[in-house]
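Asks: Sharing a model prediction with you, sequence too.
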Protein chains: 4
Amino acid sequence: MCTSITVRSVEGQVYYGRTMDYSAGMFGEDPGTPTSVITIPKGSQIKSQLNSWDSKYAVMGVATTGTVCLFDGINEAGLAGDMQVLMECSYASKDELAKRNLTGLLCEEFVTFVLTNFKSVAEIKEQIHNYALVDQAYELGGQKVHVPLHFTFFDESGAGVVLEPTDHGAFKVYDSTGVMTNSPEYSWHLINVRNYISLDNINRGKPKKLSDKLTLEPVEMGTGYGLTGIPGDYTSPSRYVKSTMVSSFMDPFKKEDGINQLYSAFRTVIIPRGLERNSAEDPLSDFTRYWAGYDISERRVYIQTCRGIGFSTMKLDPNQKEIKYTEIDLSNYSKELV
Amino acid sequence: MCTSITVRSVEGQVYYGRTMDYSAGMFGEDPGTPTSVITIPKGSQIKSQLNSWDSKYAVMGVATTGTVCLFDGINEAGLAGDMQVLMECSYASKDELAKRNLTGLLCEEFVTFVLTNFKSVAEIKEQIHNYALVDQAYELGGQKVHVPLHFTFFDESGAGVVLEPTDHGAFKVYDSTGVMTNSPEYSWHLINVRNYISLDNINRGKPKKLSDKLTLEPVEMGTGYGLTGIPGDYTSPSRYVKSTMVSSFMDPFKKEDGINQLYSAFRTVIIPRGLERNSAEDPLSDFTRYWAGYDISERRVYIQTCRGIGFSTMKLDPNQKEIKYTEIDLSNYSKELV
Amino acid sequence: MCTSITVRSVEGQVYYGRTMDYSAGMFGEDPGTPTSVITIPKGSQIKSQLNSWDSKYAVMGVATTGTVCLFDGINEAGLAGDMQVLMECSYASKDELAKRNLTGLLCEEFVTFVLTNFKSVAEIKEQIHNYALVDQAYELGGQKVHVPLHFTFFDESGAGVVLEPTDHGAFKVYDSTGVMTNSPEYSWHLINVRNYISLDNINRGKPKKLSDKLTLEPVEMGTGYGLTGIPGDYTSPSRYVKSTMVSSFMDPFKKEDGINQLYSAFRTVIIPRGLERNSAEDPLSDFTRYWAGYDISERRVYIQTCRGIGFSTMKLDPNQKEIKYTEIDLSNYSKELV
Amino acid sequence: MCTSITVRSVEGQVYYGRTMDYSAGMFGEDPGTPTSVITIPKGSQIKSQLNSWDSKYAVMGVATTGTVCLFDGINEAGLAGDMQVLMECSYASKDELAKRNLTGLLCEEFVTFVLTNFKSVAEIKEQIHNYALVDQAYELGGQKVHVPLHFTFFDESGAGVVLEPTDHGAFKVYDSTGVMTNSPEYSWHLINVRNYISLDNINRGKPKKLSDKLTLEPVEMGTGYGLTGIPGDYTSPSRYVKSTMVSSFMDPFKKEDGINQLYSAFRTVIIPRGLERNSAEDPLSDFTRYWAGYDISERRVYIQTCRGIGFSTMKLDPNQKEIKYTEIDLSNYSKELV
């Protein structure tokens, strides 16, 4: 499914990224809809399938080409975030929302709505109680889709929030621990990770006497034995635990190493193609279609797709004039040594 | 420590790679010796600290700058391989080797010796019984080092071999399963991986009735639950199991996706900085200093270091004239989107 | 801490048991208060530290000697149940409870209250919304104790309920899955167990081909490999998972094997002495002080203590005249073969 | 399959036991051969299917009724031991053994041979190089059986040995760590257990700060979190690890608690009926048919079968006159409280 992780440099810069795990194609590798980098100028009209609005901020992110539905993105104020699947997502009818005095939003347009309207996590937290998800499918290429989702946002201050639409379309709001994955609800993960309290990043290099008959000699000098018991699968609970532990136990780092350290925290949750099939016969599987990492201070995104090892990058340009879609490089883009 | 993995395209091309996990610096990130790409022309004299020899093949690989000691590499005949730490490594004195009618080699020069002398795994298997490791430390920058090692090689045919100097300096020879990590000996890993026979790459999407009182509903549609029980830590046994399962369960792929799929198999065993400390106070830790992936058919290497997310690449040039060292790019080398 | 498990014979008889895990002595093995079997006649006055009442049913169970505070027990109507530690337990003041129109009960007297007043799980579910736990410590031997608890009850029909006083003293009510352990709240365990959906009781006896280079041969004919990934520790979440899986995967059984099968389901969660120390120096540890298993149809209890391997047993006598305490056998009571 | 464990009191008394895990019936619960306690006087003739011999010692143990083939037992000198399945077991022909100057023994009669001929582990180690297993099936009830086996023995001094007939019928000899299970070979288990070097018996009761955004609060006061990562399944490698850790981390104990502590170490490896089926349809499964625990100093055995929770016991009588079979109690033998 998906994972988002945030890390912070010793100087305080925030680096945030997400994997997009999905069972349909995004870059021509499988049937699906093409995906590219979208850039939205400040003041653009966002044509919604519900109620259109104007963007207060310039925004850059990853989206289905031709739509204004961001999977993830960043705005010029330094707010960044993403959508991910959450099976426990709920919706409500327009009538219900009217009675509850809530403004309805479309699930698929939610990230775009937040990034074009809010400048910080604090502002989201102030406003989110006025909104809820409306029970209306999104039309995409002649088809109606309705993906159950939840959302996370981070800003330059290091603040982070998780928004889960599990209250009849309205949101439960959590302070982010720095990591979000998929089901179960965030409250469950917050408890689950406590079960891994004995994990650490210290090798077990000394022999351990168990009895007069047995002393355990460290294997390979005990390197890596502090993480005994951490799960290795790619399920949502395991990705939450792995991401939390890896990002917490990594060395402190300087801002010039930010994107590199962010990507380091992600490798263990980037899912290879073919590991999650619905059946042995099904040619499709859920895997990581792309990784996007945001250097929030620099308003810059780095993207690696499932098609190649190369990275693409783009910096948010606050002065552009119209909504634009830019293709992401899909090659093994590498520096040729001579 | 280190991991090597091999995958093969549906057309039969072989992609082989390795991580170099180490506790000393290689690219200026920590105290240590600088590392670069070395290219050795056919016919070069290899100046050994034991007995020098001439290279039969052009070779390209990764080495300590200024030495002819390859950590990993490929030759023009399409043979590729690497060295990794193995605590159970043994050596013998020159006198002993003479009595046993064995030719002594230095541990640190072994990969270079093989790649400059042999053209295939079959040839290695024919000749290896004539050689053994001699108990002589290697001089590097005024210091004597003696790292316990084992070795793996693959060739264009898909054949692979693991060589473990555990017989008083002489080698135990194993057919490679496609993966090698560190201690214990390879024979132990070959048994250990059998304990994971119940793992698969199929989701568990259907409810499971356990009793009249309990039916398990799949979490997040059961995605990823085929790998329940796979270990997540970075110890040598766990890296062997993870690499084997991930590389085996990945989708079949075409040659144009070879390097990308190879790297996909590696992410879960690339160790972030700081996860393997000897003590909470020790500023150094064992982590992945670089990844090198070889497209054997193309005689091309791709390298990613611990310093940046960018990849460098070089193709073996069989016509060069002298031994050369080329610096690896350490940046976040990425394609700028416009 | 504690575990309760229920199993059912093919004829429908219910067998329910619990472990009492605690860090203080109960049978002279450590400092603590003596524990014995208590029998309460129908009509006895139960002298409460809050509000005394008369028992509607004859009851038999395990209690601190001299008190009417049952740890677990059964009544003549065939209702059985126990108390266990739950850190998330809450209480409310008498004043608050009065405002909320709730009848206050003492945590320590709750099992006794239920077994002396109710005849079935259905009746508990009807009535429980009238009650809540009051914030008053219990006096025991001159000391005030206030253990945070939750409760489970089963009856002859096979119905089972979990009662968790997590709503400001009032109860959240869950249908029991047949198993209860300790923290986190029951709702968390109900989700957690779903993560083990891939476990089964089928051996993996056939070789599994992973690649051209590796086929996994079953170890020891693949016996036991269906449970790969089940946790082995004694924490509360792991005991819930182990108890659920073991009791669900066991063979169907006849009533004459009921107690034996119940005990079989329990062995893996009976905690040996010394495995759960607060520190290496602390002579005390949390471990299983006793196991009590109830043949509900027969109104009979079997007890094994931490002092010996022998079992004691007693049948509820509905005709006794006064509250009585009977010492439990602590020996290795065994049949001497001749 | 099977597990043997040894523990020792602070005074030095040795308590040794074994589980018998098997897929055929032993006590009428499934098709199979009846099993009882056998007692063999000193000087009895042991009628072998190969070469008969006279017993030097009085012996008591568990055997197929009517045969002299002990599954486990003890002799008057205080030597005790058992047989267990090992798939890697080898045999040799009589001719081969003659050439190798080795005395052939039948696998099924091996425990009996050792207990009737040797008085200590030291004596076994001195003599075992003279013996090997012969490739001759054993006739039992008109059928020929040939179970692949290995063996373990302990004596009053605390010495223990593992004998594995993996060298063309001859034995590899290991000092016992106190535990033996089944495949792979013992040398593999000795390495495998080292992978669990980070396990301990200390709770994790203090909050653990992972980052500015996340501090892990202990679940249930951190009780039991020292064993995070210990496997919970019943495979042979997992039973070896569980038995080793549990028996090593248990509290020191006095001799009067010996049998109780021995049984405590065993509960986690006593396999319930139905957990290890060859297929969902197969009515038979491998599970623990009986547990036998020996108080070596007292020359006394305690037995619990799969038919009931009760224990039987017998003390070796060195003065009896003839080979005798005594039925084991199969009931829920318990002390009736009054």
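Replies: Structure received.
Asks: How many neighbouring residues does the residue of the stretch 1-150 of chain A found nearest chain C have?
Replies: Relative to chain C, the nearest point of the stretch 1-150 of chain A is A:Glu88 (10.1 Å; C-beta to the nearest C-beta). The way it works is simple: take the backbone N, C-alpha and C, and place the C-beta from them, glycine included. Neighbourhood size, A:Glu88 [other C-beta atoms under 10 Å in any protein chain shown]: 17.
Asks: now swap in A:Ala122 and tell me
Replies: Look at A:Ala122: counted by other C-beta under 10 Å, it has 13 neighbours.
Asks: ok, now A:Ser52?
Replies: Neighbourhood size, A:Ser52 [other C-beta under 10 Å]: 10.
Asks: Over to A:Pro41?
Replies: Quick note: A:Pro41 (other C-beta under 10 Å) scores 18 neighbours.
Asks: what's the nearest residue to it if we skip its chain neighbours?
Replies: Counting by C-beta to C-beta, 6 or more residues apart in numbering or on different chains, the nearest residue to A:Pro41 once its immediate chain neighbours are dropped is A:Gln320, at 5.1 Å.
Asks: Please report the distance of the one you found from A:Lys56.
Replies: To A:Lys56, A:Gln320 is 15 Å away according to C-beta to C-beta, to the nearest Å.
Asks: what helix or strand does the spatially closest residue to A:Phe171 that is not a sequence neighbour sit in?
Replies: Of all residues not flanking A:Phe171 in the chain, A:Leu163 sits nearest, at 4.7 Å (C-beta to C-beta, 6+ apart). Per DSSP states H and E, A:Leu163 falls inside strand A:160-167.
Asks: Which strands border that strand, and is each parallel or antiparallel?
Replies: strand A:149-154 (antiparallel), strand A:170-175 (antiparallel) (DSSP bridges).
Asks: if you compare those, which one is most tucked away?
Replies: Sort the strands paired with strand A:160-167 by mean neighbour count, taking mean count of other C-beta atoms under 10 Å in any protein chain shown, and strand A:149-154 sits at the top with a mean of 26.
Asks: Show residues contacting it.
Replies: A:4, A:6, A:14, A:16, A:79-86, A:89, A:107-108, A:110-111, A:114, A:121, A:124, A:160-166, A:176, A:180, A:186, A:296 (C-beta atoms under 8 Å, 6 or more residues apart in numbering or on different chains).
Asks: ok, now with 7 Å
Replies: By C-beta atoms under 7 Å, 6 or more residues apart in numbering or on different chains, the residues outside strand A:149-154 that reach it are A:4, A:6, A:14, A:16, A:79-86, A:89, A:107, A:110-111, A:114, A:121, A:124, A:160-165, A:176, A:180, A:296.
Asks: Could you measure from the residue lying farthest from the centre of chain A over to B:Thr288?
Replies: The centre of chain A is farthest from one residue, A:Asp212, which by C-alpha atoms, centre = their mean lies 51.2 Å away. Distance, A:Asp212 to B:Thr288, using C-beta to C-beta: 40 Å.
Asks: near chain C, which residues of chain A?
Replies: A:Pro184, A:Trp188, A:Ile191, A:Asn195, A:Thr235, A:Pro237 (C-beta under 7 Å from any C-beta of the partner chain).
Asks: hmm, back to that, the contacts of strand A:149-154 in helices, which ones?
Replies: Those of these mapping onto helices are A:Phe110, A:Val111, A:Val114, A:Val121, A:Ile124, per DSSP state H.
Asks: Just give the nearest non-adjacent residue to the fourth one, would you?
Replies: If I follow you right, that is A:Val121. Distances taken as C-beta to C-beta, 6+ apart place A:Ala159 nearest to A:Val121, at 3.9 Å, with adjacent residues excluded.
Asks: For chain D, what's its nearest residue on chain A.
Replies: Counting by C-beta to the nearest C-beta, chain A gets nearest to chain D through A:Gly229 (2.9 Å).
Asks: what's the nearest residue to that residue if we skip its chain neighbours?
Replies: Per C-beta to C-beta, 6+ apart, closest to A:Gly229 is D:Gly229, 2.9 Å.
Asks: Which pLDDT value goes with the one you found?
Replies: Per-residue confidence (pLDDT) for D:Gly229: 98.
Asks: Also A:Pro283?
Replies: Model confidence at A:Pro283, given as pLDDT, is 85.
Asks: ok so, going back, ok but the residue nearest to A:Pro41 is inside a strand, no?
Replies: No - counting by DSSP: H, G, I helix; E, B strand; the rest coil, A:Gln320 falls outside a strand, being coil.
Asks: Number of residues surrounding it?
Replies: 15.
Asks: now it: how far from A:Gly293?
Replies: The value you get for A:Gln320 to A:Gly293, if C-beta to C-beta is used, is 22 Å.
Asks: for A:Cys2, same thing?
Replies: Where A:Gly293 is concerned, A:Cys2 sits at a distance of 14 Å (C-beta to C-beta).
Asks: before we move on, what about A:Leu227?
Replies: From A:Leu227 to A:Gly293 the distance is 24 Å (C-beta to C-beta).
Asks: for A:Ser23, same thing?
Replies: 23 Å.
Asks: Among those two, which residue is more densely surrounded?
Replies: Neighbours per residue (other C-beta under 10 Å) separate A:Ser23 from A:Gly293, with A:Gly293 holding more: 28 against 19.
Asks: which non-adjacent residue is nearest the more buried one?
Replies: A:Gly17 (3.6 Å).
Asks: The one you found: what's it in contact with?
Replies: A:Ser4, A:Ile5, A:Leu262, A:Phe266, A:Trp291, A:Ala292, A:Gly293, A:Tyr294.
Asks: Swap in 10 Å and give it another go.
Replies: By C-beta atoms under 10 Å, 6 or more residues apart in numbering or on different chains, the contact list for A:Gly17 reads A:3-7, A:72, A:80, A:82, A:259, A:262-263, A:265-266, A:291-295, A:301-303.
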